[in-house]
Structures are given as C-alpha cells and as structure tokens.
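# Next comes the sequence, and after it the predicted model I'd like to discuss.
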Amino acid sequence: MRASQNKTHNMNLSKLKLKNFRGYSNEIGINIDDLNVLIGRNDIGKSSILEALDIFFNGKPDKNDITIGNGAGQIEITCIFDDLPDSLTLDDTVKTSLKDEFLLNSEQKLEIKKKFPVSGSGSVSEESVIVCEYPDNEDLSDLLSKKRTTLKLQFEELGINADGVNKNRSKELRNAIRNHFYIDGQIDTVTKEIKVDGKLDNEDNKKKIWTSLKKYLPIYSLFFVDKPLNDQDSDIQDPMKEIVKEVLKRDAISPLLERLKEAVQEASTAMADETINKLNDLDSELG
C-alpha cells in the first residue's frame, strides 16, 4: 500500500491493530511492509486480517464479526500510517501539517482507530478517532472543533496580540491560541483520542478535517482468487473504480478532461442547433 505518484500524497500503512474482531479478542498488532505473507493452518485468522483492512477502508463489519462471547461489545480496527505528507490541506486553503496540529501518536505516525459498537439488538454503529499526543490543557481540548469564526472570537476574548497573525487562517489562529497557554513554547501533551467521525455536531470542524484527511489514505482492494470472476463482479469493478478516481486526480489528466468537456459541449450544442433548424423547416411553432 505505497503512495502513488499523483497530486495527492497517499500515506503508507505500517501497522494494523485488531481487538474484539472474530478470533482476535485481545488487541493484536500486525506490522505491514512492502511484501507481506500470511502463513497458517485453515481457520486460524489469516483471511480475517485482510477482511479487517477491507472493512477499515471500504465498509462496515457485520454483527457476527464481534468476538464470540463479547455480546454487546465493540470491535476496534486501527491502522497506523507513516510516509506522511510534509504539509497538507485540512480545514483551510492554507497548508498545515499533522505535527503542527498535534495529530500524531507518540511515534510521530498517524494512528486512526475505527470503533464499531455492537448493540444488544445486533445493530452496528461506527465512529473514527485519531489517537494522538495532544496538548494537555482543557482550554485547548476542543480547538480542532472550532471553525474560523469561533476561533477568531476565542482569539479576541483571550486578548492575544494580533501582530504577525493572519486571522483569516485557521491554522494561524490555532497556533496563536496554543502559544497563549504555553508562552515558553514547551507544550505538555497527553495521549488522547480525537473523535473525527460518527455522532458529531454538523457544525463541528473536525468533520471537515476528516473529510480532507481521508483523501490522503491509501486505496485498499481485496481480491478472492479462489472463485470465478468476470468483469461484472464487484471484486473487479470496485478496484477499477478506485483506480479511475486516482488517475482522474492527476495534474496531466485535468486539462484533457476539460478539453473533452468543451468538445462534447460544442458538438452537442451544434447538434441541438441543427435539430432546432430542422424543426423550424417543418413547423416554426414546433421549432
């Protein structure tokens, strides 16, 4: 799952962690490299690892995926990424970094945990959190939740010196607010889970951050080679759809698509004009 060479830098999956998923009751960590081989007897859990990744990137578990005996519990699938972009766009047009926003774990990697609570009735819900080393200060706990307008209000209420701070940039406002509470620049951190998806208020800025962050995740496709496949099978179609989406992001493709769009518009307009002219020849009112 290496980065592809296009406009968006895709991060690299370096570790998978499973908890309460099928045969993996206690949390287990599996390191991921360029080439990975799973060896073991039947029904030991090899396919579960691959299918857990498919759930993380593309779907949702079934109620029966929770470890037997846990009943109304919670499935946890965690992916840890390295080869992170030096800068990226999150909730602003201005580039920032995961490090500057305190969204990295203790190993300076991006750790995303997806939780799937299973209710007594068997319904499965979902939420995503980022496990990170975050400033240990209650006044900063909801900083990422605030949109620019709210950040400006907090900035002004705290009486922060505006010199050198562009108040039209969320990144700079957050940085100035953090520095207000840590004047010496030594920010104490604590391991924290920042909820970015699930039951969040529609005005929560973390929704926007999560939407942007997902663009940098790698593509994952799961193939089963022990069953017959054809070009109508989702195992073939879904990966191809993802490949097409990736290709369409490339800088060299956009101008071609624009020219194609213009050509189609010109041709369809010309054909429509010809049709109207022909109708006018037959009946002006109809035309």
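Perfect, I can see it now.
# okay, CA-based contacts and neighbour counts for the rest of this
Will do.
# Can you pull the poorly scored residue ranges out of this protein?
Low-confidence segments of the chain, defined by pLDDT under 70: 1-8, 71-72, 225-236, 286-287.
# Which residue ranges of it form helices?
Listed in chain order, the helices of the chain (DSSP state H) span 46-58, 148-157, 170-181, 206-213, 234-248, 253-282.
# buried residues in stretch 73-90?
Across stretch 73-90, burial judged by 16 or more other CA atoms under 10 Å covers 73-82, 84, 88-90.
# again with stretch 168-176
Neighbour-count burial for stretch 168-176, counted by 16+ other CA under 10 Å, picks out 169, 170, 171, 172, 173, 174, 176.
# Next: stretch 121-141.
Buried, per 16+ other CA under 10 Å, within stretch 121-141: 124, 125, 126, 127, 128, 129, 130, 131, 132, 133, 134, 135.
# first vs last residue of it, how far apart are they?
The first residue of stretch 121-141 is 34 Å away from its last residue (CA to CA, to the nearest Å).
# which residues touch that stretch?
60-63, 72, 102-106, 110-118, 178, 187-199 (CA atoms under 8 Å, 6 or more residues apart in numbering).
# likewise stretch 252-270?
Residues from elsewhere that reach stretch 252-270 (CA under 8 Å, 6+ apart): 247, 248.
# OK, contacts around residue 14?
By CA under 8 Å, 6+ apart, the neighbours of residue 14 are 31, 32, 33, 79, 80, 81, 82.
# sorry, back to before: list just the nearest of the buried residues of stretch 121-141 to residue 245.
For the buried residues of stretch 121-141, the residue nearest residue 245 by CA to CA is residue 128; the value is 23.4 Å.
# Near the closest residue to the closest one other than its chain neighbours, how many other residues are there?
Excluding its sequence neighbours, the residue lying closest to residue 128 (CA to CA, 6 or more residues apart in numbering) is residue 114, at 4.5 Å. Residue 114 is flanked by 23 other residues according to other CA atoms under 10 Å.
# For residue 169, see how far away residue 114 is.
For residue 114, the distance to residue 169 equals 30 Å [CA to CA].
# Of the buried residues of stretch 121-141, which belong to strands?
Among the buried residues of stretch 121-141, DSSP state E puts 127, 128, 129, 130, 131, 132, 133, 134, 135 in strands.
# Okay, domains of this protein per the record?
Annotated domains of the chain cover 1-136+188-220, 140-187 [automatic domain parsing].
# could I get the ones you listed as JSON lines with distance to residue 281?
Formatted as JSON lines, the domains of the chain follow (distance: least, CA to CA, whole Å):
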{"stretch": "domain 1-136+188-220", "distance to residue 281": "51"}
{"stretch": "domain 140-187", "distance to residue 281": "59"}
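# List the buried residues for stretch 203-219?
Using 16+ other CA under 10 Å as the test for burial, stretch 203-219 gives 204-210, 212-213, 216-219.
# same question, stretch 239-251
239, 246, 247, 248.
# chain center to that stretch: distance?
Offset of stretch 239-251 from its chain centre (CA atoms, centre = their mean, to the nearest Å): 16 Å.
# now stretch 108-118, how far from the chain's geometric center?
11 Å.
# One more: stretch 210-218?
That offset, for stretch 210-218, works out to 3 Å (CA atoms, centre = their mean).
# thinking again about what came up before, filter the contacts of stretch 121-141 down to the buried ones.
Among these, the ones that count as buried by 16+ other CA under 10 Å are 60-61, 63, 72, 103-105, 110-118, 178, 192-197.
# Now, the residues you listed that are in strands?
With strands taken from DSSP E, the overlap with these comprises 110-117, 192-197.
# Specify which member of the ones in strands among the buried residues of stretch 121-141 is nearest to residue 223.
Distances from residue 223 to those, taken by CA to CA, are shortest for residue 128, at 25.3 Å.
# rewinding a little: quick one: which of the contacts of residue 14 sit in strands?
Counting by DSSP E, the contacts of residue 14 place 31, 79, 80, 81, 82 in strands.
# from memory the third one sits against residue 15, does it?
Yes. Shown here, residue 80 and residue 15 form a contact pair, counting by CA atoms under 8 Å, at 5.1 Å.
# was I right about the residue nearest to residue 128 contacting residue 56?
Yes. Using CA under 8 Å, residue 114 is in contact with residue 56, at 7.0 Å.
# can you list residues touching both of these two?
77, 78.
# Redo the buried residues of stretch 168-176 as a markdown table? Include distance to residue 276.
Below are those laid out as a markdown table (distance: CA to CA, whole Å):
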| residue | distance to residue 276 |
| --- | --- |
| 169 | 51 |
| 170 | 53 |
| 171 | 54 |
| 172 | 57 |
| 173 | 57 |
| 174 | 58 |
| 176 | 62 |
